[in-house]
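A.B. asks: How does the following fold in three dimensions:
(4 chains)
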Number of protein chains: 2
Amino acid sequence: MSRKPPSPKSERILDVAEELFALHGYDGVTLRQIASGAGVDVALANYHFGKKLDLFKAVFDRRAVEVNQARLEALRSAQARSAPDGPPLEEIIAAFLTPLDDAQRGGDSGWTNYLALVAYINNSPYWAPKMMSSLFDKLVREFIAALKAALPGAREEDIYWCYQNLSGALTLALAKTGRIDKLSGGKCKSTDISAAFERMIPFTAAGFRRVCQPAGSGKK
Amino acid sequence: MSRKPPSPKSERILDVAEELFALHGYDGVTLRQIASGAGVDVALANYHFGKKLDLFKAVFDRRAVEVNQARLEALRSAQARSAPDGPPLEEIIAAFLTPLDDAQRGGDSGWTNYLALVAYINNSPYWAPKMMSSLFDKLVREFIAALKAALPGAREEDIYWCYQNLSGALTLALAKTGRIDKLSGGKCKSTDISAAFERMIPFTAAGFRRVCQPAGSGKK
DNA sequence: CAGCATATTCAACATTTGTTGAATAATCAA
DNA sequence: TTGATTATTCAACAAATGTTGAATATGCTG
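C.D. replies: Below is the predicted model:
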C-alpha cells in the first residue's frame, strides 16, 4: 500500500534508517551504516533527503499519517456504533491501540521498526517535544475528548495523568526491549503485541475508571 | 549522603555525564561536552573511569544500589506491617514507586537526571537487555513475587504483562518529556512526580485487579 | 539515435571523535 | 623539605563523521 515509489533505492534507505534509528537512536547511527545496509553509496541519502536530520524526520513522517488515520477511523467507527452516548472506555482504548497491532500483523517488519522508533522518540526528553506534536497531537486530543465523554464528571488533570499512564504502557510495549521475555522466563514475548494489548486494554480501562470516576457516581 | 569522595572533580564528571546522557543518550554526548561542562580536561574522564562506555556504566551504577535498597526496604516494611497476609496491591506498588519520589524531593537535580537516564535505558532495545538485568532484576522479582501473593490464583503471564504496563507508565513519567504539560495546557507538570504517582498507584492497582483477578473470586 | 533529467557513485574536505602518552601540578607521608 | 603517589592538563594521534561538488550511469522522451 505504498503511495508512490520515488525510487526503489530511496525506499530502501528509509527502511534501513528506520531499523537502525529505532535500535540505536539518532546519534547512534551513521549515514555510512545506513548506506551500507541499503547497498548504496553514502551520498545518495543526501541526494534524496538532504541532511541527516531531514532523513530522520522523513523516516518519522513516512508512516505517521497512515497509522494515525487508521486510529482515527477506528475511533469514529466506535463512536458511530454507540451513538449518541459515545463508546465505553474499552472501545476507545481499543481504537487507540489495535490499529498498531494490525499494522505489524502484515508481517511487514518495517512497521515494527517504525513503532519502535516512535517509542524511542516519545520517551526522549530531547526529541519528544520537537517531533511528537506536529503529527500526533491532533489524534491524541481527539482520544482525550472521547475519554472525557466516557468519564463524565472526571477532573481534567486526572484524565491527562491517566492518559500518560496509557501512553507509557504503550510506549514500552512498542520499544520491544525484550525485558519481559527474560523476567517471565519466556512465558511472555515482547514481539507478541496482541498479547500485550489483550491485557493493556482492560488494565488501563480499569485504571481510568478508578482514578477518574468520581466516588459514588451513579452506576449504569 | 555520598559514600566517599574519590575526588571532587570526578564526581562533577559523573554529574554532568548523568545529565547529558539522560537528555541525549549515549551516542548523543561527547566526552568533550562532559569535560567542558565539568570544567575539566577531556583526558580526566579517561583517567578516572576508563573508556566512554565505562563512564556510562559508572553513571548508571552510582545510584542504582542506593535507590533499589530503599525500594526493597519499603517493600519489607509494608510486608512487616501486614503480616502474615502480605500487603494489598496499593501498598506494594507504592513501595515500588515512592522511594523514587523521595529521592527527587531532596532538591537534588542529580536524582532527577539519574531517573531520566534509567528511563532512557529501560526503553532502549539496545541498552535495556545489556544493562538493566544486573542491577534491577533482583528487585523486580521480589516485587513480582509480592504481587503474586496479593493476587492469588492469577495467571503468571497476566502478572508479567501487567507489570510491564506499570513499568512503562513509570518509565515515561521519569523520562520527563514534557509532553503532558503541553497536552494539558499546563494543568499537569511532568516535573511533578508526586502528582504522577498519586494517580499511577490507584491506576495500576485497579489494572492489576481487573486483569489478574480470576472472575468471580470470593470478595473479602 | 540524441538530449535531457534523474539517479547514483566517486573522491575528497574540514571537523569532530575517543583515546593515549608524556608533562605538570597537587596532595600527603616521612 | 623531600619523595612518591595521585590528580590533572597538554598535545597529538588515527579513525570516523556529515557534507559537498564533480563525474558517471540510468531511464525516459522526442
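A.B. asks: Toward the C-terminus, what is the element adjacent to the lengthiest helix in chain A?
C.D. replies: Among the elements of type helix in chain A, defined by DSSP state H, the one spanning the most residues is helix A:127-150. Later in the chain than helix A:127-150, the nearest helix or strand by DSSP states H and E is helix A:156-175.
A.B. asks: Does the helix or strand that comes right after that next one reach chain B?
C.D. replies: Tracing the chain past helix A:156-175, the next element assigned as helix or strand by DSSP H and E is helix A:179-183. Yes. Residues of helix A:179-183 are located near chain B by CB under 8 Å from any CB of the partner chain, namely A:179-180, A:182-183. Glycine gets a C-beta too; all of them are placed from N, C-alpha and C.
A.B. asks: Switch these over to a markdown table; also include neighbour count, pLDDT and distance to DNA strand C.
C.D. replies: Formatted as a markdown table, the entries for those read as follows, by neighbours: other CB atoms under 10 Å in any protein chain shown; pLDDT from 0 to 100; distance: CB to the nearest atom of the strand, whole Å:
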| residue | neighbour count | pLDDT | distance to DNA strand C |
| --- | --- | --- | --- |
| A:179 | 25 | 98 | 26 |
| A:180 | 23 | 98 | 31 |
| A:182 | 16 | 98 | 28 |
| A:183 | 21 | 98 | 31 |
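A.B. asks: Max pairwise distance over these: which two?
C.D. replies: The most widely separated members of the residues of helix A:179-183 next to chain B, counting by CB to CB, are A:180 and A:182 (7.4 Å).
A.B. asks: Show me where chain A has its strands.
C.D. replies: Ranges of strands within chain A: none, based on DSSP state E.
A.B. asks: Contacts only, for residue A:57.
C.D. replies: Under the criterion of CB atoms under 8 Å, 6 or more residues apart in numbering or on different chains, the neighbours of residue A:57 are residue A:131.
A.B. asks: What of residue A:72?
C.D. replies: Residues in contact with residue A:72, defined by CB under 8 Å, 6+ apart, are A:139, A:142.
A.B. asks: Local confidence estimate at it?
C.D. replies: At residue A:72 the predicted local distance difference test score is 98.
A.B. asks: end-to-end on stretch A:78-93?
C.D. replies: Distance between the boundary residues of stretch A:78-93 (CA to CA, to the nearest Å) amounts to 10 Å.
A.B. asks: Give me the buried stretch members for it, please.
C.D. replies: Neighbour-count burial for stretch A:78-93, counted by 16 or more other CB atoms under 10 Å in any protein chain shown, picks out A:78-79, A:86-87, A:89-93.
A.B. asks: got these as CSV, with pLDDT columns?
C.D. replies: Converted to CSV, the buried residues of stretch A:78-93 look like this (pLDDT from 0 to 100):
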residue, pLDDT
A:78, 97
A:79, 96
A:86, 90
A:87, 95
A:89, 97
A:90, 98
A:91, 98
A:92, 98
A:93, 98
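A.B. asks: Among the residues you listed, which are located in helices?
C.D. replies: The helices in this structure, assigned by DSSP H, contain A:78-79, A:89-93 from the buried residues of stretch A:78-93.
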